[in-house]
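*Asks:* how would this look folded up:
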Amino acid sequence: MIVDGATYLVDAGRKAVTQYTEAGLAWADLRAVFVTHLHADHVAELFQVFLLGGFQTPAQGDTLPGPTPVYGPGPAGGLPPKFGGGTSQTTNPSDPTPGLEEFFDQSNAAFAYSTNIFMRDSGIRDIRSLADVHELEPPVKASYQQTAPAMKPFLVMEDDRVRVTAVLVPHGPVFPAFAYRFETDYGSVTFSGDTTYSSNLTSLARGSDVLVHEAINVQGWSGPAAVADHLLQGHVEVQKVGQVAQSADVERLVLSHIGDMAEEPLSPRKWHRWAQRGYDGSVLVGSDMDVVRIR
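*Replies:* Numbering: from 1, shown residues only. Modelled structure (predicted):
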């Protein structure tokens, strides 16, 4: 999300650092990062945004100004039962559900040797000084057992360009999972994050100029029961996503986080037709490097 030259990043999955620079964006213009949830495909390169985007000092060239605020989930507080019953192995049993702060602390520790060497022989900044982490606390009673109760949008941050609000959304057993809305002088954009059907999202997105929404296709696919359950409990089918956009009264629907389980490569024309069902606005089936202008 770019407003008057300032960049606001939503999630940082695989290849995010490369795509950021390929898009012609400057690290010096990054004003804030917003994390929807802590699944690996959304945070695989989150720490690398700071490790690599802040590698130079400001005197050397384009680099993060630092400290850059990062907003997102705190600790989940518990784990769901294993699908189908039985027991499951647990990684890092002493702290199995870390939040954003611990994510950064442990990442800093893992890269300590590299950082310590480069601080000594190249004069880079301590990576810990580049990210100002804020774990969000929604103003409702919620937990890993009740992940997205009905709620009104709450304020995350506001500066001279954007006002950002959020709600909890249901993404299977994941907690917390957020959707974000950006209000600007030019219009509004809502990012669904990963979610199944949600009245919270509809409320947040109401009247947005653009809704960037995830979508999957499972028609014609027969896969493992655990995977099918994960997909349907945590995502919206492309054949029904237009109805979500219609109910939120948004002008444009942009499909992102696209997953077609039945066809590879997927058919953009077919996806466009599916997403248009029950929706009066315009649809874009998103691709890398697409630019969507509000005004």
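
*Asks:* Need the CA coordinates for the host helix or strand of P69. PDB is fine.
*Replies:* If you go by DSSP states H and E, P69 is part of strand 68-72. Output of strand 68-72 as PDB, limited to C-alpha atoms (Å, rounded to 0.1, in the frame of the first residue of the first chain):
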ATOM      1  CA  THR A  68      10.000   0.800  11.700                       C
ATOM      2  CA  PRO A  69       6.800  -0.200  13.500                       C
ATOM      3  CA  VAL A  70       5.500  -3.800  13.000                       C
ATOM      4  CA  TYR A  71       2.000  -4.600  14.000                       C
ATOM      5  CA  GLY A  72       0.500  -8.000  14.400                       C
END
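
*Asks:* Show me what the next helix or strand after it is packed against.
*Replies:* The first helix or strand that comes after strand 68-72 along the chain, using DSSP H and E, is helix 100-110. With contacts defined as 3 or more C-beta pairs under 8 Å, 6 or more residues apart in numbering; DSSP states H and E, helix 100-110 has these neighbours: helix 46-53, strand 68-72, strand 131-135. (C-beta placed from N, C-alpha, C; glycine too.)

*Asks:* Identify the neighbouring strands of the strand holding P69 in the sheet and state each direction.
*Replies:* Here strand 68-72 has these sheet partners by DSSP bridges: strand 30-34 (parallel), strand 131-135 (parallel).

*Asks:* And for that strand, what's in contact with it?
*Replies:* The contact list for strand 68-72 (C-beta atoms under 8 Å, 6 or more residues apart in numbering) reads 30-38, 46, 50, 100, 104, 130-136, 156-157, 164, 178.

*Asks:* switch to 7 Å and redo it
*Replies:* Surrounding strand 68-72, the residues in contact under the criterion C-beta atoms under 7 Å, 6 or more residues apart in numbering are 30, 32-35, 100, 130-136, 156-157.

*Asks:* Selection in PyMOL covering whichever of the residues you listed are buried, please.
*Replies:* The PyMOL selection below is limited to those of the contacts of strand 68-72 classed as buried (16 or more other C-beta atoms under 10 Å):
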select buried, resi 30+32+33+34+35+100+130+131+133+134+135+136+156+157
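
*Asks:* And the helices in the stretch 151-295 of the chain, which stretches?
*Replies:* Per DSSP state H, counting those that start in this stretch, the stretch 151-295 of the chain carries helices over the ranges 199-205, 225-234, 238-247, 268-276.

*Asks:* Out of these, point me to the one whose mean pLDDT is lowest.
*Replies:* Ranked by mean pLDDT, the helices of the stretch 151-295 of the chain bottom out at helix 225-234, with a mean of 91.

*Asks:* Only the C-alpha atoms, please, for that helix, written as PDB.
*Replies:* Extracted in PDB, the C-alpha atoms of helix 225-234 (Å, rounded to 0.1, in the frame of the first residue of the first chain):
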ATOM      1  CA  ALA A 225      -9.000 -35.100   4.500                       C
ATOM      2  CA  ALA A 226      -6.800 -33.000   6.800                       C
ATOM      3  CA  VAL A 227      -5.800 -30.700   4.000                       C
ATOM      4  CA  ALA A 228      -9.400 -30.300   2.800                       C
ATOM      5  CA  ASP A 229     -10.500 -29.500   6.300                       C
ATOM      6  CA  HIS A 230      -7.800 -26.900   6.600                       C
ATOM      7  CA  LEU A 231      -8.700 -25.300   3.300                       C
ATOM      8  CA  LEU A 232     -12.400 -25.000   3.900                       C
ATOM      9  CA  GLN A 233     -12.100 -24.000   7.600                       C
ATOM     10  CA  GLY A 234      -9.800 -21.200   6.800                       C
END
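
*Asks:* and of the contacts of strand 68-72, the nearest to I2?
*Replies:* Within the contacts of strand 68-72, distances to I2 taken as C-beta to C-beta reach their minimum at L30, with 10.3 Å.

*Asks:* Which pLDDT value belongs to that closest one?
*Replies:* Reading off the model, L30 has pLDDT 98.

*Asks:* Pretty sure it sits against L9.
*Replies:* Yes: using C-beta atoms under 7 Å, L30 is in contact with L9, at 6.3 Å.

*Asks:* How is the protein divided into domains?
*Replies:* Here the chain is described, according to automatic domain parsing, as comprising the domains 1-84+98-135, 145-295.

*Asks:* Now distance to N92 too, for the ones you listed, in JSON lines please.
*Replies:* Output for the domains of the chain, formatted as JSON lines (distance: least, C-beta to C-beta, whole Å):
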{"stretch": "domain 1-84+98-135", "distance to N92": "8"}
{"stretch": "domain 145-295", "distance to N92": "17"}
